[in-house]
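**Q** Sequence isn't available, so here's the structure alone:
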């Protein structure tokens, strides 16, 4: 490991510990040349996942885009940032375990909807309205009908 201070490649490990819920190792190091102390993180290298958009364009999977989209759908609901992170962690884990390293944006959206449907109906409808590009009230009604009919909804319609 190269020292950030003097660029020497000789260092010793002072301390190692698990970090990021066991997904990486944090190492505290000391340069043998200048005694500068620095921290390194070791992670398992994963194969990048490619998302195929609706227009057939390809882009690298971006965790932050997923977090932002889900967070917007979950505003003012019972789903907090920690739950959003858990959803994204699980989806990312499922994608890494697949044999194929490409996924369509529609399949990715369906994976998100599966998580949201069991957590919060409002977040589900919000995400679905953007992801499925709702054009009017009929799209909302069709999606609402996929939930168990409740007495309140039956009296409104």
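**A** Nice, I can see it. All figures in this text were calculated on a predicted structure; none of them were measured in a lab.

**Q** So which residues of this protein form helices?
**A** Ranges of helices in the chain, per DSSP state H, are 63-73, 81-97, 105-119, 121-131, 137-144, 151-156.

**Q** count of residues packed around residue 93?
**A** Neighbour count of residue 93, defined by other CB atoms under 10 Å: 10. C-beta here means a position set from N, CA and C on the backbone, and glycine is covered the same way.

**Q** my bad, should have said residue 137
**A** Residue 137: 8 neighbours (other CB under 10 Å).

**Q** and if you look at residue 126?
**A** Using other CB under 10 Å, the number of residues around residue 126 comes to 19.

**Q** Could you pull up the contacting residues of it?
**A** Residues near residue 126 by CB atoms under 8 Å, 6 or more residues apart in numbering: 72-74.

**Q** If we use 7 Å, what do you get?
**A** Residues in contact with residue 126 (CB atoms under 7 Å, 6 or more residues apart in numbering) are residue 73.

**Q** Tell me the pLDDT of it.
**A** In this model, residue 126 is scored at 87, pLDDT.

**Q** again with residue 76
**A** The model reports residue 76 with a pLDDT of 89.
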